[in-house]
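Trainee: No letters, just coordinates:
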Ligand SMILES: Nc1ncnc2c1ncn2[C@@H]1O[C@H](COP(=O)(O)OP(=O)(O)O)[C@@H](O)[C@H]1O
Ligand SMILES: [Mg+2]
């Protein structure tokens, strides 16, 4: 492959000041590099590379030391994650509070479980470090054809550096919702493998509602079978550095993936998701939609959305988008959509990225109905994020997330 | 009895080419219970007048005044104007993603009244108004204006008019883009609002056809940023026959 241009600097660009009405919008189709849209920083070009050709290994020593120049670490504050990337991790069992319904079971299994490694292999050193460290994996198994559910609350991980591994195995024709509900303090590197059997319909929600100082680096690997559907949701509100990267392979013919994300970064928070959606099978359908709000000095979000439509993925329909709402000065939203297409015969593919301030017309409309400006602003932010929450389709969780958004808005108002 | 009085109003906007004057001395007074039609060609400044009354930040008032029973409307914020009893049905209603119609209506009603409406009566009022406007009940759970057709957006504006019960309503081309059935439904809504209160209406329109359903007491011909002629309903009939050409030519000659 020919050399590609490096990603351009994303430092704050005084020649491109953020204005109240600035909305940078990037839309497009095809394999050309996309422009980074960012209201409060500069923009540049993204190198094109074949996304599934990255080096991968489960062995942490197989990765060279991280320098921060790697594509996967370039926008991440690696100094804050040094021990998770290559320090020693505690890989023993930890405490969980779990509830299940229907045919859902939660157990711990050994490293020799045959499912381990079947959904994906680490492509970065922190993921490999977690993989090398875990002693037992948490297994969530959904079986039968009746609706099932499992909620796993992790609230007592504490400040010790940990490596963890989780397997979510949804058998053929199963139907269920799995929620990873993360709270309290944490210093966690982990991998989550998600196996969606043929014809299954699985929703996985990873909720990062961590305490202020928490650090969390997660890689989710999913394989979606024939005619199966995976709805994967990343919700990140709390924690100091939170990076949850889902890699989803729509493997079977007719597989369907909805990859949703919603985040709210406050002052000094770094929230990141690098999303990789691989259309491997024919007639697969993928929708990626992430939305975030940023408020406060040093609030930083990163979204990198890679979509790869492989050579056999004929008839594929794919769309990815990221939108960020900037609520104050001093924030930075990096948004990098990237689309590669290796077959000529697709039904459709596109991407969009936009980062901007409040839409003044929305505020005007609400105020013209008597709603005071402060309430109108909150209504707009809440609505902006709720557009994703509305798509999760789990009513109890939607209530919880609306409350969490409300708490973020309360926090930012004070 | 209230009066909304606009005197010698001059308004400009900032464009890439510099400041552009749009309204050039508008005089217009409307009292409770009256319906005034403002008719004029495209680009004459009708929407500018409507937005300026509502307080849109894009429009800069260079001189003149707008008073509601003597109170200085121009000194009020957008939401204060609405709470004072002014309502604008927009030509292009705005989509608000993620905010449901029912949440929006309740929030607006609470803001206007100063207290949350009693839940039972409110739900019934909303349902009745929606039925009267032939809006499916599923609208309540849809996001404000998102994916609405042009006609649905206009009905939603009139729904708000009926529920928020303002003293004066400015309807900016509410008739544009409506087929005859929708036009009748929307007109009935405006007439209901007029009957149930002492609503004053400033009906902005490009065409005369809505005047078959909403009868104006006064007609103002609006050309090149000011009122070129005023009269009773018979003036509308003349415009129907003659069009705006005569006024536009006169305005160009005097410019
Ligand atoms: N945001 C704007 N930017 C530039 N020109 C504008 C803007 N809004 C209005 N105008 C101009 O002001 C004039 C009056 O517009 P408008 O009030 O919308 O007229 P009407 O509603 O009668 O069609 C037109 O010439 C229009 O092009
Ligand atoms: Mg207009």
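Mentor: That came through, no problem. Owing to the predicted nature of the structure, the values given are computational and were not obtained by experimental measurement. Ligands and ions are numbered 1, 2, ... in the order given.
Trainee: so how far is stretch A:287-304 off the chain centroid?
Mentor: 10 Å (CA atoms, centre = their mean, to the nearest Å).
Trainee: Now do the helices in the stretch 251-400 of chain A.
Mentor: A:360-367, A:373-389, A:395-413 (DSSP state H, counting those that start in this stretch).
Trainee: and those helices, which is most packed in?
Mentor: helix A:360-367 (a mean of 22; mean count of other CB atoms under 10 Å in any protein chain shown). Every residue, glycine included, has its C-beta placed from N, CA and C.
Trainee: Is any residue of that one near ligand 1?
Mentor: No. With CB under 6 Å from any ligand atom as the criterion, ligand 1 is not reached by helix A:360-367; the gap is at least 11.0 Å.
Trainee: ok, is that helix in contact with chain B or not?
Mentor: Yes. Against chain B, helix A:360-367 shows contacts by CB under 8 Å from any CB of the partner chain at A:360, A:361, A:362, A:364, A:365, A:366, A:367.
Trainee: ok, is the helix or strand harbouring residue B:128 in contact with chain A or not?
Mentor: Here residue B:128, judged by DSSP states H and E, is contained in helix B:119-132. No. On the criterion CB under 8 Å from any CB, helix B:119-132 is out of touch with chain A, staying 14.4 Å away.
Trainee: Tell me the bridge partners for the residue nearest the centre of chain A.
Mentor: Centroid-nearest residue in chain A: residue A:273, 4.0 Å away (criterion: CA atoms, centre = their mean). Beta-bridge partners recorded for residue A:273 (DSSP bridges): residue A:303.
Trainee: Give me the three-state assignment for the residue of chain B found nearest chain A.
Mentor: Using CB to the nearest CB, the closest approach of chain B to chain A is made by residue B:98 at 3.1 Å. Here residue B:98 is recorded as coil under DSSP: H, G, I helix; E, B strand; the rest coil.
Trainee: I figured it was touching residue B:143, is that so?
Mentor: Yes. Residue B:98 is within contact range of residue B:143, at 6.0 Å (criterion: CB atoms under 8 Å).
Trainee: circling back to that earlier point, report the inter-axis angle for the helix or strand that the helix holding residue B:128 is followed by versus helix B:119-132.
Mentor: Using DSSP H and E, the helix or strand that directly follows helix B:119-132 along the chain is helix B:150-164. With axes from the mean of the first three to the mean of the last three CA atoms, to 10 degrees as the basis, helix B:150-164 and helix B:119-132 are set at 140 degrees to each other.
Trainee: Over to stretch B:76-90 now: how far is its first residue from its last?
Mentor: 19 Å (CA to CA, to the nearest Å).
Trainee: So is it next to ligand 2?
Mentor: No. Figure legend: stretch B:76-90 not in contact with ligand 2 (CB under 5 Å from the ion); closest approach 9.6 Å.
Trainee: That stretch and ligand 1 in contact?
Mentor: No. Using CB under 6 Å from any ligand atom, stretch B:76-90 stays clear of ligand 1, coming no nearer than 11.2 Å.
Trainee: Give the buried residues for that stretch.
Mentor: Residues B:76, B:78-90 are the ones in stretch B:76-90 that count as buried (16 or more other CB atoms under 10 Å in any protein chain shown).
Trainee: hmm, back to that, what sits in contact with each of residue B:98 and residue B:143?
Mentor: By CB atoms under 8 Å, 6 or more residues apart in numbering or on different chains, residue B:98 and residue B:143 have these common neighbours: A:383, A:387.
Trainee: Any idea how far apart the tips of stretch A:118-126 sit?
Mentor: Start-to-end, stretch A:118-126 (CA to CA) is 19 Å.
Trainee: list the buried ones in that stretch?
Mentor: For stretch A:118-126, by 16+ other CB under 10 Å, it's A:119, A:120, A:121, A:122, A:123, A:124, A:125, A:126.
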